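Enquirer: Sharing a model prediction with you, sequence too.
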Amino acid sequence: MAASSARSSSPGPSVAIGPATSGGVASASGALTAAGIAQISPSATRTSLTKGANREATNAFFRVVPGDYIQGPTDASYMVDKLNAKKVAIVDFQEPYSVGLADAAETVLKKKGVSVTRLSTSVNTTDFSSLVTRVPGDAEVVFFPTQQPAEEGVRRGQGEDREPEARHPERQEDQPQDVDPRWAVPLLDEVERPAEREVLHLPDPVERQLQAGRLALAARPCRPGARRADTRRAPL
(Lines give C-alpha, C1' and ligand atoms only; values in the text may rest on other atoms or scores of the structure.)
Protein backbone atom coordinates (compact mmCIF):
# COMPACT_ATOMS: atom_id res chain seq x y z
CA MET A 1 0.00 0.00 0.00
CA ALA A 2 2.84 2.36 0.93
CA ALA A 3 4.57 1.57 -2.36
CA SER A 4 1.34 2.22 -4.26
CA SER A 5 0.84 5.59 -2.55
CA ALA A 6 4.40 6.64 -3.23
CA ARG A 7 4.03 5.68 -6.88
CA SER A 8 0.75 7.53 -7.37
CA SER A 9 2.13 10.71 -5.82
CA SER A 10 5.21 10.88 -8.02
CA PRO A 11 5.09 11.98 -11.67
CA GLY A 12 6.24 9.75 -14.49
CA PRO A 13 4.97 7.01 -16.78
CA SER A 14 3.31 3.91 -15.42
CA VAL A 15 3.21 1.98 -18.72
CA ALA A 16 5.69 1.68 -21.59
CA ILE A 17 4.46 0.69 -25.05
CA GLY A 18 7.16 -1.35 -26.75
CA PRO A 19 9.85 -2.05 -27.72
CA ALA A 20 8.80 -3.42 -31.07
CA THR A 21 11.27 -6.30 -31.17
CA SER A 22 11.64 -9.29 -28.87
CA GLY A 23 15.29 -8.50 -28.28
CA GLY A 24 14.42 -5.01 -27.17
CA VAL A 25 11.80 -6.36 -24.76
CA ALA A 26 14.27 -8.81 -23.26
CA SER A 27 16.83 -6.05 -22.72
CA ALA A 28 14.45 -3.51 -21.20
CA SER A 29 12.02 -5.65 -19.23
CA GLY A 30 14.06 -5.92 -16.02
CA ALA A 31 14.82 -2.22 -15.80
CA LEU A 32 11.25 -1.18 -16.51
CA THR A 33 9.86 -3.55 -13.91
CA ALA A 34 12.33 -2.29 -11.32
CA ALA A 35 11.09 1.23 -12.02
CA GLY A 36 7.49 0.13 -11.48
CA ILE A 37 6.58 0.45 -15.14
CA ALA A 38 4.46 -2.14 -16.92
CA GLN A 39 5.47 -3.05 -20.44
CA ILE A 40 3.16 -3.75 -23.40
CA SER A 41 4.50 -4.70 -26.82
CA PRO A 42 2.33 -4.73 -29.94
CA SER A 43 4.75 -6.88 -31.92
CA ALA A 44 7.25 -8.90 -29.83
CA THR A 45 6.46 -12.57 -30.48
CA ARG A 46 9.41 -14.58 -29.11
CA THR A 47 8.12 -17.56 -27.16
CA SER A 48 10.77 -17.35 -24.43
CA LEU A 49 9.62 -13.88 -23.37
CA THR A 50 6.71 -15.44 -21.49
CA LYS A 51 7.29 -19.20 -21.52
CA GLY A 52 9.96 -21.71 -20.56
CA ALA A 53 12.38 -22.16 -17.72
CA ASN A 54 14.50 -19.18 -18.78
CA ARG A 55 11.92 -16.46 -19.37
CA GLU A 56 13.44 -13.32 -20.82
CA ALA A 57 10.73 -10.89 -19.66
CA THR A 58 9.26 -10.25 -16.25
CA ASN A 59 5.68 -10.70 -15.08
CA ALA A 60 5.12 -7.01 -15.83
CA PHE A 61 5.45 -7.67 -19.56
CA PHE A 62 2.35 -8.07 -21.75
CA ARG A 63 1.80 -8.37 -25.47
CA VAL A 64 -1.24 -7.94 -27.67
CA VAL A 65 -0.03 -10.17 -30.51
CA PRO A 66 0.13 -13.99 -30.54
CA GLY A 67 3.55 -15.41 -29.70
CA ASP A 68 5.50 -17.68 -32.03
CA TYR A 69 4.17 -20.66 -30.07
CA ILE A 70 0.69 -19.70 -31.35
CA GLN A 71 1.49 -18.24 -34.78
CA GLY A 72 3.79 -21.07 -35.89
CA PRO A 73 1.39 -23.97 -35.16
CA THR A 74 -1.54 -21.97 -36.55
CA ASP A 75 0.29 -21.30 -39.81
CA ALA A 76 1.37 -24.94 -40.05
CA SER A 77 -2.15 -26.23 -39.38
CA TYR A 78 -3.54 -23.92 -42.07
CA MET A 79 -1.04 -25.23 -44.63
CA VAL A 80 -1.98 -28.84 -43.82
CA ASP A 81 -5.70 -28.61 -43.08
CA LYS A 82 -6.75 -25.91 -45.55
CA LEU A 83 -4.14 -26.10 -48.31
CA ASN A 84 -3.57 -29.87 -48.05
CA ALA A 85 0.17 -29.27 -48.36
CA LYS A 86 2.47 -32.28 -48.40
CA LYS A 87 5.67 -30.46 -49.36
CA VAL A 88 6.56 -27.06 -47.93
CA ALA A 89 9.60 -24.82 -48.36
CA ILE A 90 10.39 -22.58 -45.38
CA VAL A 91 12.67 -19.57 -45.79
CA ASP A 92 14.06 -17.56 -42.90
CA PHE A 93 15.76 -14.17 -42.94
CA GLN A 94 18.52 -15.06 -40.44
CA GLU A 95 17.10 -12.67 -37.85
CA PRO A 96 15.34 -13.58 -34.56
CA TYR A 97 11.72 -12.98 -35.58
CA SER A 98 11.99 -14.82 -38.88
CA VAL A 99 13.97 -17.76 -37.48
CA GLY A 100 11.73 -18.14 -34.41
CA LEU A 101 8.50 -18.26 -36.39
CA ALA A 102 10.01 -20.48 -39.07
CA ASP A 103 11.23 -22.93 -36.40
CA ALA A 104 7.83 -23.06 -34.72
CA ALA A 105 6.05 -23.78 -38.00
CA GLU A 106 8.63 -26.34 -39.12
CA THR A 107 8.30 -28.35 -35.91
CA VAL A 108 4.54 -28.73 -36.31
CA LEU A 109 4.73 -29.44 -40.04
CA LYS A 110 7.17 -32.30 -39.50
CA LYS A 111 4.98 -33.73 -36.74
CA LYS A 112 2.12 -33.76 -39.24
CA GLY A 113 4.22 -35.71 -41.76
CA VAL A 114 4.92 -32.84 -44.13
CA SER A 115 8.15 -32.85 -46.12
CA VAL A 116 9.96 -29.59 -45.26
CA THR A 117 12.81 -27.95 -47.15
CA ARG A 118 14.49 -25.26 -45.03
CA LEU A 119 16.24 -22.38 -46.76
CA SER A 120 17.89 -19.29 -45.31
CA THR A 121 19.08 -15.94 -46.60
CA SER A 122 20.55 -12.77 -45.15
CA VAL A 123 18.18 -10.06 -43.96
CA ASN A 124 20.12 -7.70 -46.23
CA THR A 125 19.33 -9.70 -49.37
CA THR A 126 17.87 -7.66 -52.22
CA ASP A 127 18.29 -10.07 -55.14
CA PHE A 128 16.26 -13.21 -54.45
CA SER A 129 16.70 -14.85 -57.85
CA SER A 130 19.21 -17.47 -56.65
CA LEU A 131 17.05 -18.24 -53.61
CA VAL A 132 14.02 -18.81 -55.83
CA THR A 133 15.92 -21.38 -57.89
CA ARG A 134 16.61 -23.38 -54.70
CA VAL A 135 12.92 -23.79 -53.91
CA PRO A 136 11.94 -27.32 -54.96
CA GLY A 137 9.76 -27.37 -58.03
CA ASP A 138 7.22 -29.63 -56.33
CA ALA A 139 6.85 -27.43 -53.22
CA GLU A 140 3.18 -26.63 -52.74
CA VAL A 141 3.70 -23.79 -50.24
CA VAL A 142 6.56 -21.38 -49.58
CA PHE A 143 6.46 -20.00 -46.03
CA PHE A 144 8.60 -16.87 -45.55
CA PRO A 145 8.04 -15.09 -42.23
CA THR A 146 9.63 -11.65 -42.31
CA GLN A 147 9.49 -8.16 -40.85
CA GLN A 148 10.42 -6.52 -44.13
CA PRO A 149 7.08 -5.62 -45.82
CA ALA A 150 8.69 -3.18 -48.23
CA GLU A 151 10.67 -6.05 -49.77
CA GLU A 152 7.74 -8.47 -50.09
CA GLY A 153 6.76 -7.21 -53.51
CA VAL A 154 10.33 -7.62 -54.75
CA ARG A 155 10.46 -11.23 -53.57
CA ARG A 156 7.07 -12.06 -55.03
CA GLY A 157 7.90 -10.38 -58.32
CA GLN A 158 11.19 -12.24 -58.66
CA GLY A 159 9.37 -15.46 -57.90
CA GLU A 160 6.84 -14.78 -60.64
CA ASP A 161 9.67 -14.18 -63.11
CA ARG A 162 10.91 -17.73 -62.58
CA GLU A 163 10.47 -19.83 -65.75
CA PRO A 164 8.03 -17.40 -67.39
CA GLU A 165 7.58 -19.54 -70.49
CA ALA A 166 6.64 -22.57 -68.39
CA ARG A 167 4.10 -20.53 -66.44
CA HIS A 168 2.63 -18.79 -69.51
CA PRO A 169 3.43 -20.84 -72.63
CA GLU A 170 0.88 -18.92 -74.66
CA ARG A 171 2.50 -15.52 -73.96
CA GLN A 172 4.12 -13.88 -76.96
CA GLU A 173 6.71 -11.16 -77.03
CA ASP A 174 4.51 -8.77 -79.03
CA GLN A 175 1.62 -8.92 -76.55
CA PRO A 176 1.25 -6.42 -73.69
CA GLN A 177 2.52 -8.15 -70.57
CA ASP A 178 -0.23 -6.68 -68.37
CA VAL A 179 -2.92 -8.37 -70.49
CA ASP A 180 -3.64 -12.09 -70.15
CA PRO A 181 -4.05 -13.23 -73.77
CA ARG A 182 -6.50 -15.94 -72.75
CA TRP A 183 -9.01 -13.24 -71.80
CA ALA A 184 -8.34 -10.71 -74.54
CA VAL A 185 -11.53 -9.51 -76.22
CA PRO A 186 -11.21 -8.81 -79.96
CA LEU A 187 -11.68 -5.14 -80.81
CA LEU A 188 -14.12 -4.42 -83.60
CA ASP A 189 -12.93 -0.92 -84.32
CA GLU A 190 -10.67 0.98 -81.95
CA VAL A 191 -11.80 4.28 -83.42
CA GLU A 192 -15.52 3.56 -83.38
CA ARG A 193 -15.59 1.46 -80.18
CA PRO A 194 -12.85 2.76 -77.85
CA ALA A 195 -14.80 1.64 -74.78
CA GLU A 196 -14.00 -1.98 -75.55
CA ARG A 197 -10.36 -1.34 -74.83
CA GLU A 198 -11.07 -1.06 -71.14
CA VAL A 199 -12.05 -4.74 -71.11
CA LEU A 200 -8.41 -5.64 -71.61
CA HIS A 201 -7.35 -3.80 -68.49
CA LEU A 202 -9.84 -5.20 -65.98
CA PRO A 203 -7.96 -7.19 -63.32
CA ASP A 204 -10.50 -9.99 -62.92
CA PRO A 205 -11.15 -12.40 -65.83
CA VAL A 206 -14.80 -12.86 -64.89
CA GLU A 207 -15.28 -9.08 -64.81
CA ARG A 208 -13.71 -8.91 -68.27
CA GLN A 209 -16.31 -11.29 -69.62
CA LEU A 210 -19.13 -9.42 -67.91
CA GLN A 211 -17.93 -6.09 -69.25
CA ALA A 212 -17.59 -7.54 -72.74
CA GLY A 213 -21.22 -8.64 -72.48
CA ARG A 214 -22.30 -5.18 -71.33
CA LEU A 215 -20.56 -3.58 -74.28
CA ALA A 216 -22.13 -6.04 -76.72
CA LEU A 217 -25.56 -5.28 -75.26
CA ALA A 218 -24.94 -1.54 -75.50
CA ALA A 219 -24.00 -1.90 -79.17
CA ARG A 220 -27.35 -3.43 -80.15
CA PRO A 221 -29.81 -1.09 -81.91
CA CYS A 222 -32.60 0.21 -79.65
CA ARG A 223 -36.25 0.36 -80.60
CA PRO A 224 -37.50 3.93 -81.22
CA GLY A 225 -38.42 5.54 -77.90
CA ALA A 226 -36.78 2.81 -75.80
CA ARG A 227 -34.22 3.75 -73.15
CA ARG A 228 -30.84 2.17 -73.47
CA ALA A 229 -29.68 0.33 -70.34
CA ASP A 230 -26.85 1.89 -68.41
CA THR A 231 -23.94 -0.50 -69.01
CA ARG A 232 -21.32 1.51 -67.24
CA ARG A 233 -19.20 -0.61 -64.94
CA ALA A 234 -19.47 0.12 -61.23
CA PRO A 235 -16.19 1.01 -59.52
CA LEU A 236 -14.30 -2.05 -58.27
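Expert: Nice, I can see it.

Enquirer: lowest-confidence helix or strand of this protein?
Expert: Using mean pLDDT, DSSP states H and E, the weakest-scoring helix or strand in the chain turns out to be helix 164-167, at a mean of 44.

Enquirer: surely residue 94 meets residue 119?
Expert: No - Residue 94 is not in contact with residue 119 according to C-beta atoms under 8 Å; the separation is 10.6 Å. (Each C-beta comes from the backbone N, C-alpha and C, glycine too.)

Enquirer: Pick out whichever of those two has more residues nearby.
Expert: Each of residue 94 and residue 119 has its neighbours counted (other C-beta atoms under 10 Å); residue 119 has more, 16 against 12.

Enquirer: got the phi/psi numbers for the more buried one?
Expert: Backbone torsions for residue 119, taken as degrees, to the nearest 10, come to phi -120, psi 160.

Enquirer: One more: residue 115?
Expert: Backbone geometry at residue 115, expressed as degrees, to the nearest 10, gives phi -80, psi 120.

Enquirer: ok, now the one 3 residues further on?
Expert: Note on residue 118: its backbone torsions stand at phi -100, psi 120 [degrees, to the nearest 10].

Enquirer: Measure how buried it is and give me the count.
Expert: The criterion is other C-beta under 10 Å. On that basis, residue 118 has 12 neighbouring residues.

Enquirer: and it, what does it touch?
Expert: 89, 90, 92, 102, 106 (C-beta atoms under 8 Å, 6 or more residues apart in numbering).

Enquirer: Show me what the first one bridges to in the sheet.
Expert: Going back to what we said before, that points to residue 89. Using DSSP bridges, the bridge partners assigned to residue 89 are residue 117, residue 142.

Enquirer: From residue 16, how far off is it?
Expert: According to C-beta to C-beta, to the nearest Å, residue 89 stands 38 Å off from residue 16.

Enquirer: Please apply the same query to the third one.
Expert: Distance check for residue 92 against residue 16: by C-beta to C-beta, it reads 29 Å.

Enquirer: who has more neighbours, these two?
Expert: The residue with the greater number of neighbours, taking residue 92 and residue 16 and applying other C-beta under 10 Å, is residue 92; the counts read 23 against 18.

Enquirer: Backbone dihedrals for that one, please?
Expert: According to degrees, to the nearest 10, residue 92 has phi -120, psi 160.

Enquirer: Domain parsing of the chain, as residue ranges.
Expert: The chain breaks down into these domains under automatic domain parsing: 12-63, 68-163, 181-219.
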